[in-house]
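In: have a look at this fold, sequence not included:
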């Protein structure tokens, strides 16, 4: 178990890995390993599994264990690895947290319980218990649109005082103002990251965000945009991001997002199949045609070309 001094900080570009399946619906381990290799070659600062973009809702306990073990094996010991916790109670969250820690996760991205909506004090107790039990860096995942659990800035400030709760991923719109409010309210001492497929990443960074956790199909395009922004080349960052924006936006569609991520990964030669699990749905002919149009304007190189350019 880690100590407070040894906990990693989750910062920078930390993509949420898709979970590749083969045509029969089974976990595609070779595809997962290629996906991890691509992220590292593309400039990711860390990796996350079991997030909303991972189809974590559709994974078995055994599959979660395999995914964590394989991701850690390919990434090596020095790449921060974040595991999503999307349980519906404290006891099931502790079970997931223990499994993630034992399989090599460095940090936990934790949704609040959402089937039975917790009170404000229950939310604080919940995160404190998960942090104490796991001994890992705990990130609060503020995703009210998905969970129906509202975490106002005042609640996040209270959570920032809990030992082991060390960051928040803000996904409640409008994200950029909320990022700024949390940064100000915590005097910049609590790490704030963005999500929502990096839709407002530059505005979030301008308000004090220290990282972003989008889907994983365009890491090689987003990494240099963030590098430009952090180096003060704001015009260059905005111009490049505006070219990427149609792809970012297309990957935010309810029910279709998982298929969008995977279809692009297939076209880049990273995974072999775009299969998704219920209740996610495959892309219809019109959506595939729309994606063709977007990729015609924002061409993406094959992943081997990305790997070669970083070697």
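Out: Here it is on my side, so go on. Everything numeric here is computed off the predicted structure, so don't read it as measured data. Residues are numbered from 1 along each chain as shown.
In: for this structure, what spans make up the strands?
Out: Per DSSP state E, the chain carries strands over the ranges 12-13, 47-49, 81-85, 107-110, 137-142, 165-170, 191-194, 211-212.
In: so which of these gets nearest residue 225?
Out: In this view, those are compared for proximity to residue 225 by CB to CB, and strand 12-13 is the closest at 9.5 Å. All C-beta atoms are positioned from the backbone trio N, CA, C, and that covers glycine.
In: any weak-confidence spans in the protein?
Out: Scanning the chain for pLDDT under 70 picks out the ranges 1-7, 304-311.
In: what residues are up against residue 25?
Out: 275, 277 (CB atoms under 8 Å, 6 or more residues apart in numbering).
In: please report how far it lies from residue 76.
Out: To residue 76, residue 25 is 30 Å away according to CB to CB, to the nearest Å.
In: can you count the residues close to the closest residue to residue 201 other than its chain neighbours?
Out: Counting by CB to CB, 6 or more residues apart in numbering, residue 201 lies nearest to residue 212, which is 4.8 Å off, once chain neighbours are set aside. For residue 212, the neighbour count with other CB atoms under 10 Å is 26.
In: can I get the strands of the chain in a markdown table including distance to residue 154?
Out: Converted to a markdown table, those look like this (distance: least, CB to CB, whole Å):
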| stretch | distance to residue 154 |
| --- | --- |
| strand 12-13 | 28 |
| strand 47-49 | 27 |
| strand 81-85 | 23 |
| strand 107-110 | 19 |
| strand 137-142 | 13 |
| strand 165-170 | 13 |
| strand 191-194 | 15 |
| strand 211-212 | 23 |
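In: wait, which of those strands is closest to residue 252?
Out: Judged by CB to CB, the one of the strands of the chain that comes nearest to residue 252 is strand 191-194, at 13.1 Å.
In: is it correct that residue 170 is in contact with residue 190?
Out: No - Residue 170 lies out of contact with residue 190 (CB atoms under 8 Å); the separation is 11.3 Å.
In: these two: who's more crowded?
Out: Neighbour count, other CB under 10 Å: between residue 170 and residue 190, residue 170 has more, with 31 against 20.
In: quick one: the more buried one from residue 192, how far?
Out: Plainly put, residue 170 is 6 Å away from residue 192 if you go by CB to CB.
In: kindly report the same for residue 276.
Out: From residue 276 over to residue 192 the distance is 30 Å, taken as CB to CB.
In: go on, residue 211?
Out: Distance from residue 211 to residue 192, by CB to CB: 8 Å.
In: what's the answer for residue 139, then?
Out: Counting by CB to CB, the separation of residue 139 from residue 192 is 10 Å.
In: how about residue 111?
Out: From residue 111 to residue 192 the distance is 17 Å (CB to CB).
In: give me the phi and psi for the nearest residue to residue 184 once chain neighbours are set aside.
Out: Spatial nearest neighbour of residue 184, excluding adjacent residues (CB to CB, 6+ apart): residue 208 at 7.8 Å. The phi/psi pair for residue 208 (degrees, to the nearest 10) reads phi 110, psi 0.
In: wait, isn't residue 208 in contact with residue 192?
Out: Yes - judged on CB under 8 Å, residue 208 makes contact with residue 192 at a distance of 6.4 Å.
In: okay, and the common contacts of those two?
Out: 179, 183.
In: more crowded one of those two?
Out: Between residue 208 and residue 192, residue 192 has the larger neighbour count (other CB under 10 Å), namely 27 against 17.
In: mind listing what the more buried one touches?
Out: By CB under 8 Å, 6+ apart, the neighbours of residue 192 are 167, 168, 170, 179, 182, 183, 204, 208, 209, 210.
In: repeat the analysis, applying 10 Å as the threshold.
Out: Neighbouring residues of residue 192 by CB atoms under 10 Å, 6 or more residues apart in numbering: 140, 142, 156, 160, 167-170, 175, 178-183, 186, 204, 207-211.
In: now it: how far from residue 99?
Out: 27 Å.
In: likewise for residue 117?
Out: 25 Å.
In: more neighbours: which of the two?
Out: Between residue 117 and residue 99, counted using other CB under 10 Å, residue 99 has the larger neighbour count: 16 against 13.
In: surely the more buried one touches residue 105?
Out: Yes - the pair residue 99 / residue 105 is scored as a contact, 8.8 Å apart, by CB atoms under 10 Å.
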